[in-house]
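Student: Next input, structure requested:
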Amino acid sequence: MADKISHPLFARIYPRINAYAEAHGSLAHRRELLIGIRGSVVEIGAGTGANFPHYPAPVERVIAVEPEPRLRALATRAAADAPVPVEVLPGRAERLPLDDASVDVAVMSLVLCSVTDVPTALAEARRVLKPGGELRFYEHVRARRPGPYRRQRILNPLWRLAGGGCNLTRDTESALRSAGFTIEAIRRFDFRPGGRPHPASPSLIGLARPDPAQGQGQRAG
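Tutor: Numbers count the residues shown, from 1 in each chain. Predicted coordinates for the structure are as follows:
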C-alpha cells in the first residue's frame, strides 16, 4: 500500500470547508476532543493541522501523520505556531511510521470517513498506543435513523468522488469495538452549521481504550 495519497482538487477546497465549519461550531468540537490529554500523541490524518492550536500544555509532543502532500504542507506551516512541539510526517493510517507502544494518545479527527481500510487503521492505532493509552475520536458517521441513512447511501458515490474518498456511511462506533477498543465516553450529535442539517451531520466525539483482554495490536504483515 503506497504511503502517498493525492487528492489535489479536494486538498485545495478543504481549507475553505474547514474554515466554514470552524466558524459554525467545529472549533468547540476540536477543543472537546483534545481536553485533558497529555504525554506523547500521534495525530492520524492531521489534514491542515486544524487541531494543532488546541493541544493543551501537558502534551509533550505531537507526531502528526498526513499522506496528502498539499494538506501536509499546510500542516507543516501550522506546526510552527502550535503551542506544543509538533512534527509532521508523511504516512497513512494503515501503516503508521511509529514503533509499537510508543505514544500515550492517538487522535483521529475526521479521518476514519476517508481511510481505505478502517480495521487496519484502527489496528495500527492500537499497535502504537502504550498499555493504558487512549484513542480520541471525532468523526461524522452513518445516520441512525432509516430515512437519513437511506439518503446517505444514495449520495455516497458522488460524495466520495467530490470529497477525496470521504464516506457518509461509516459505522465508526461498531468499527472501534470490532477493533478491540472499549469506548469509555461518547457524545452523539448532529452538527448543523448555520442550523441546517446536511448529509455529514451525524457525528461522534469520544474516548476509547484498547481492551487488554484482546491482546496488543501488531502491524499487519
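Student: Helix, strand or coil: sort out residue 20 for me.
Tutor: Under DSSP: H, G, I helix; E, B strand; the rest coil, residue 20 falls in the helix class.
Student: Excluding chain neighbours, what is closest to it?
Tutor: Among residues not flanking residue 20 along the chain, residue 193 sits closest, at 6.5 Å (C-beta to C-beta, 6 or more residues apart in numbering). Any C-beta I mention is one placed from the backbone N, CA and C, and that applies to glycine too.
Student: Also residue 18?
Tutor: Excluding the flanking residues, the one nearest residue 18 by C-beta to C-beta, 6+ apart is residue 50, at 5.6 Å.
Student: what does the model give the one you found for pLDDT?
Tutor: Note for residue 50: predicted pLDDT of 97.
Student: Assign residue 27 to helix, strand or coil.
Tutor: Following three-state DSSP, we place residue 27 in the helix state.
Student: Now for it, how many residues are close by?
Tutor: The number of residues packed near residue 27 is 14, by other C-beta atoms under 10 Å.
Student: Contacts only, for the residue nearest to residue 20.
Tutor: Residue 193 makes contacts with 20, 21, 23, 24, 25, 26, as judged by C-beta atoms under 8 Å, 6 or more residues apart in numbering.
Student: what are the phi and psi values for the residue nearest to residue 18?
Tutor: Per-residue torsions, residue 50: phi -60, psi -20 (degrees, to the nearest 10).
Student: how much space between it and residue 147?
Tutor: Per C-beta to C-beta, to the nearest Å, residue 50 is found 31 Å from residue 147.
Student: Can you tell me the closest non-neighbouring residue to residue 162?
Tutor: Nearest residue to residue 162, sequence neighbours excluded (C-beta to C-beta, 6+ apart): residue 10, at 7.5 Å.
Student: Let me know the pLDDT of that neighbour.
Tutor: The confidence metric pLDDT takes the value 74 at residue 10.
Student: who's in contact with it?
Tutor: By C-beta under 8 Å, 6+ apart, residue 10 lies in contact with 162, 163, 164.
Student: Am I right that the last one sits in a helix?
Tutor: To tie it back to what came earlier, the one meant is residue 164. No - counting by three-state DSSP, residue 164 falls outside a helix, being coil.
Student: Quick check, residue 109 in contact with residue 32.
Tutor: No - using C-beta atoms under 8 Å, residue 109 makes no contact with residue 32, being 11.0 Å away.
Student: shared neighbours of those two, which are they?
Tutor: residue 138.
Student: neighbour-wise, which of these two wins?
Tutor: Shown here are residue 109 and residue 32; by other C-beta under 10 Å, residue 109 has more neighbours (22 against 14).
Student: what residues are up against that one?
Tutor: Taking C-beta under 8 Å, 6+ apart as the criterion, residue 109 is in contact with 30, 33, 43, 45, 47, 50, 51, 136, 137, 138, 139.
Student: For those, give me JSON lines that also has distance to residue 94.
Tutor: Listed next are those as JSON lines, based on distance: C-beta to C-beta, whole Å:
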{"residue": "30", "distance to residue 94": "24"}
{"residue": "33", "distance to residue 94": "22"}
{"residue": "43", "distance to residue 94": "15"}
{"residue": "45", "distance to residue 94": "11"}
{"residue": "47", "distance to residue 94": "17"}
{"residue": "50", "distance to residue 94": "22"}
{"residue": "51", "distance to residue 94": "20"}
{"residue": "136", "distance to residue 94": "19"}
{"residue": "137", "distance to residue 94": "16"}
{"residue": "138", "distance to residue 94": "19"}
{"residue": "139", "distance to residue 94": "16"}
